[in-house]
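Enquirer: The amino acid sequence is not available; the structure is as follows:
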């Protein structure tokens, strides 16, 4: 873990990863990110759509012929993009909706 308590990135062939990567770690990090958004960028927080249900995510991905890895389910159960176009969160990246991703 880094000084901030975040997992340390390490390079694997063609990718970056962290020890313990998986849906549980993703949920933990999203919860921490949400706390930062709420504290530092209220307009961004207020623009975020609620998350989708597991069934909606699995069905939409399945209809597009795509699998539903647990990390994607966690991601879109957390939030499903923004109500209005938002140009970057605290990390300079916008969370896109499932519909936009598909």
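Expert: Yep, that arrived. All values derive from a computational prediction rather than experimental measurement.
Enquirer: next one: phi and psi at the residue nearest the centre of the chain?
Expert: Nearest to the geometric centre of the chain sits residue 75, at 4.0 Å (CA atoms, centre = their mean). Dihedral pair for residue 75: phi -60, psi -50, per degrees, to the nearest 10.
Enquirer: what's the residue of the chain positioned farthest from its centre in contact with, if anything?
Expert: Computed with CA atoms, centre = their mean, the residue of the chain farthest from its C-alpha average is residue 13, at 23.1 Å. The contact partners of residue 13, by CB atoms under 8 Å, 6 or more residues apart in numbering, come to none. Quick note: C-beta positions are derived from backbone N, CA and C, even for glycine.
Enquirer: And the helices in the chain, which stretches?
Expert: Counting by DSSP state H, the segments of the chain that form helices are 23-40, 42-47, 54-63, 70-78, 98-101.
Enquirer: worst average pLDDT in the ones you listed?
Expert: Note on the helices of the chain: helix 42-47 shows the lowest mean pLDDT, a mean of 83.
Enquirer: So for that helix, what gets flagged as buried?
Expert: 44, 45, 47 (16 or more other CB atoms under 10 Å).
Enquirer: Can you lay out these as JSON lines showing distance to residue 19?
Expert: Listed next are the buried residues of helix 42-47 as JSON lines, based on distance: CB to CB, whole Å:
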{"residue": "44", "distance to residue 19": "29"}
{"residue": "45", "distance to residue 19": "30"}
{"residue": "47", "distance to residue 19": "33"}
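Enquirer: From those, pick the one nearest residue 31.
Expert: residue 45 (13.3 Å; CB to CB).
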